[in-house]
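> I'll drop the sequence and a predicted model, then ask my questions.
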Amino acid sequence: MSNLSNVPRVMASDQIDLVALFHNIWKQKLVVLVITVLFGALGLIFTLSIPKEYAVSSLLRPTAINDLDALNRSQVYTLPPTEALNKVGARLDSYEARFGFFKAHPELFDAFNKPGQTLEQGFESFNSNSISLVLPDPKKTELSSYIRLDMRYPDGVDGVAILNGFVDFAVAMERQQIGADLKVIVENRLAEVQGKISAARSNYETDKESKIAQILESDNIRQAKLKDELAGIRLQTNITRTNRISELSEAISIAKSMGIKYPSTPSSISSASQVGANQIMRTEVNNQTIPLYFLGTEALEAERAILKQRSSDDFESQRIAEIAKELKLLEVNREVEVLNQRKNEDIFLQNIEPLRTERARLRNINTNMSALELVSIDRRAQEPIGPLKVSKITILGLALFVGFILGVILALFRQLVLDRRSSLADLPVSTFDIPKVIKDS
């Protein structure tokens, strides 16, 4: 029982005996050293196996205002320099532009195409790990806007050609897109202006046809009125002639009954009955109308015969000649004839000079944007001086530190196991085990 005092006891206190802990670690120093060296060797192998990696970048800034002046002065498409930079940045960050450049230049991406992979899988390997777009921090005050394109690539890849080529490819795509947009806008504006001119031409045609119709209608009405007036005058002259013939016939009957063959007067007939055969010519002046039959049958019959033989009485009225003149003039309306003979009717369109000017201006707009400077490439990608520096000492030191910590932990655990075994071996044989010992003997 006296040996029980030699059994190590667990300290009731929570404090750790640093001296004993260090003593136990020192006993297992070989284990700590082996683990530390092993991890150090693994770290060294890892640092030596890291492939060389290079990095290049390209910096884009807004272009000068005068480079976009021709486009902005077109009054069709407005593009400030900052917006042009943003458009190019969006194009550089787009999947379409990157994949399009990847397909267009397969010779530059052989290192990213693994056997058994599709073209899209190879592109994803390049796109997710190689190129990154860097924008300025909005919280910081920058002298000017910029876009930076960074690329990391392994040895054997022409990163400079890829980055510079991709920048040029994206800028060209954006130029082409702006040219296509400008062309569509110009064509739409031209169609709108042409539609307004067509509407003005249609209105002019309608107005001209309406004017011609009004003129012809007015002429037709005038002709109808003149013809009615002419028919009335002719009817009037015909009735007048008929009445004159009737009047002459009546006067001839009277003259025959009175025996008046030659023109005479009432006084001459009275004197003739008194004197007899004396032939005396008298002149009678009075304000009374002498009856028609005093003209004598010879004159009256001659006039009646002529009136019956007359085929037209138009000369009886001067108005008939005036009507004939007006009808002749109305047969052809010279104003209508001139209106119908117009060849270039566009020159008669009203209030379309601004539209013609706008149409000519739109037709002269150049939609070829191949020479448009959208951005200023402040720094193109240059061949790097060397690969990216990897801190091998840091990696090796970290590996040694991790190995040392694991070695210490393993050493403490191993020493604890050994101490426990030693303690169990030093315990005395219990009285409860004596029968068993005797039995075994």
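On my side now, so go ahead.
> pLDDT weak spots in the stretch 251-400 of the chain?
Applying pLDDT under 70 to the stretch 251-400 of the chain picks out residues 268-288, 388-392, 395.
> any chance you could map the strands in it?
375-379 (DSSP state E, counting those that start in this stretch).
> those helices in it, which residues are they?
Under the criterion DSSP state H, counting those that start in this stretch, the stretch 251-400 of the chain contains helices at 266-275, 297-309, 318-330, 334-340, 353-363, 392-425.
> how about stretch 135-155: buried residues?
146-153 (16 or more other Cβ atoms under 10 Å). All C-beta atoms are positioned from the backbone trio N, CA, C, and that covers glycine.
> Identify the residue with the minimum pLDDT among the residues you listed.
Model confidence across those bottoms out at Tyr153, which has 81.
> one step back: same list, the helices of the stretch 251-400 of the chain, but as CSV with mean neighbour count and distance to Gln236 please.
Output for these, formatted as CSV (neighbours: other Cβ atoms under 10 Å; distance: least, Cβ to Cβ, whole Å):
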stretch, mean neighbour count, distance to Gln236
helix 266-275, 12, 33
helix 297-309, 15, 15
helix 318-330, 13, 10
helix 334-340, 11, 33
helix 353-363, 14, 58
helix 392-425, 14, 133
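> In TSV, list the ones you listed along with distance to Leu230.
Formatted as TSV, the helices of the stretch 251-400 of the chain follow (distance: least, Cβ to Cβ, whole Å):
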stretch	distance to Leu230
helix 266-275	42
helix 297-309	21
helix 318-330	5
helix 334-340	23
helix 353-363	49
helix 392-425	124
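> do you know which of those lies nearest Arg222?
For the helices of the stretch 251-400 of the chain, distance to Arg222 was read as Cβ to Cβ. The smallest value, 6.0 Å, belongs to helix 318-330.
> Which SSE is immediately downstream of the longest strand along the chain?
Looking across the chain with DSSP state E, the single longest strand is strand 53-62. Next along the chain after strand 53-62, taking DSSP states H and E as the criterion, comes helix 69-72.
> Who are the contact partners of the nearest residue to Leu149 once chain neighbours are set aside?
Excluding its sequence neighbours, the residue lying closest to Leu149 (Cβ to Cβ, 6 or more residues apart in numbering) is Ser58, at 4.9 Å. Applying Cβ atoms under 8 Å, 6 or more residues apart in numbering to Ser58 gives the contacts 148-149, 163-164, 167, 377, 379-381.
> With Ala84 instead?
Taking Cβ under 8 Å, 6+ apart, we find Ala84 in contact with 62-63, 68, 374-375.
> Which members of the residues you listed are the farthest-apart pair?
Top of the distance list for these (Cβ to Cβ): Leu68 and Val375, 10.4 Å.
> Settle it for me: which of these two has more neighbours?
Using other Cβ atoms under 10 Å as the criterion, Leu68 and Val375 rank with Val375 on top: 24 against 21.
> how close does that one get to Ile65?
13 Å (Cβ to Cβ, to the nearest Å).
> one step back: so which of the helices of the stretch 251-400 of the chain gets nearest Ile254?
helix 297-309 (9.3 Å).
> Tell me which other helices or strands the closest one touches.
With contacts taken as 3 or more Cβ pairs under 8 Å, 6 or more residues apart in numbering; DSSP states H and E, helix 297-309 sits against helix 159-258.
> tell me the angle the helix it packs on makes with helix 297-309.
Per axes from the mean of the first three to the mean of the last three Cα atoms, to 10 degrees, the angle that helix 159-258 makes with helix 297-309 is 150 degrees.
> next one: helix 159-258 to chain centre, how far?
36 Å (Cα atoms, centre = their mean, to the nearest Å).
> any idea of the angle that helix forms with helix 318-330?
160 degrees.
> Give me the nearest residue to the residue positioned nearest the centre of the chain, chain neighbours excluded.
Centre of the chain computed as the mean C-alpha position; nearest residue by Cα atoms, centre = their mean is Ile185, 3.7 Å away. Nearest residue to Ile185 in three dimensions, chain neighbours excluded: Val76, at 5.3 Å (Cβ to Cβ, 6+ apart).
> Could you do Glu373 as well?
That would be Asp67: by Cβ to Cβ, 6+ apart, it lies 3.8 Å from Glu373.
> quick one on the thing from earlier: ok, the buried residues of stretch 135-155 vs Arg420, which is closest?
For those, the residue nearest Arg420 by Cβ to Cβ is Arg152; the value is 53.7 Å.
> do you know how far that closest one is from Gln28?
Plainly put, Arg152 is 44 Å away from Gln28 if you go by Cβ to Cβ.
> measure the residue nearest to Leu372 when sequence neighbours are not counted to Ser74 for me?
When the adjacent residues along the chain are set aside, Leu372 lies closest to Arg175, with 5.4 Å between them (Cβ to Cβ, 6+ apart). When distance is defined by Cβ to Cβ, Arg175 is 15 Å away from Ser74.
> doesn't Gln176 make contact with Arg91?
No. Contact criterion Cβ atoms under 8 Å: Arg91 and Gln176 do not qualify, at 10.3 Å.
> When the two are compared, which one has more neighbours?
A direct count of neighbours by other Cβ under 10 Å for Arg91 and Gln176 places Arg91 higher, at 21 against 12.
> name the element that one belongs to?
helix 81-92.
> Which strands or helices does the next helix or strand after that helix pack on?
Per DSSP H and E, the first helix or strand lying C-terminal to helix 81-92 is helix 95-104. Judged by 3+ Cβ pairs under 8 Å, 6+ apart, helix 95-104 is in contact with helix 119-129, helix 159-258.
> Specify the angle between the last one and strand 53-62 in degrees.
I take that to be helix 159-258. Note on geometry: by the same axes, to 10 degrees, helix 159-258 and strand 53-62 are set 30 degrees apart in direction.
> Next, the angle from helix 159-258 to helix 95-104.
110 degrees.
> How about the first one?
The directions of helix 119-129 and helix 95-104 differ by 120 degrees, with the same axes, to 10 degrees as the criterion.
> Show the backbone phi and psi for the nearest residue to Gly165 once chain neighbours are set aside.
Once flanking residues are discounted, Gly165 sits nearest to His105: 6.4 Å by Cβ to Cβ, 6+ apart. His105 has phi and psi values of phi -130, psi 70 when expressed as degrees, to the nearest 10.
> about what we covered before: burial measure for the residue nearest to Ile185, as a count.
So Val76, with other Cβ under 10 Å, has 17 neighbours.
> and it, how far is that from Leu68?
For Val76 relative to Leu68 (Cβ to Cβ), the value is 13 Å.
> Now for the spatially closest residue to Leu292 that is not a sequence neighbour: which residues touch it?
Once flanking residues are discounted, Leu292 sits nearest to Ala251: 3.9 Å by Cβ to Cβ, 6+ apart. Residues near Ala251 by Cβ under 8 Å, 6+ apart: 291-293, 295, 300.
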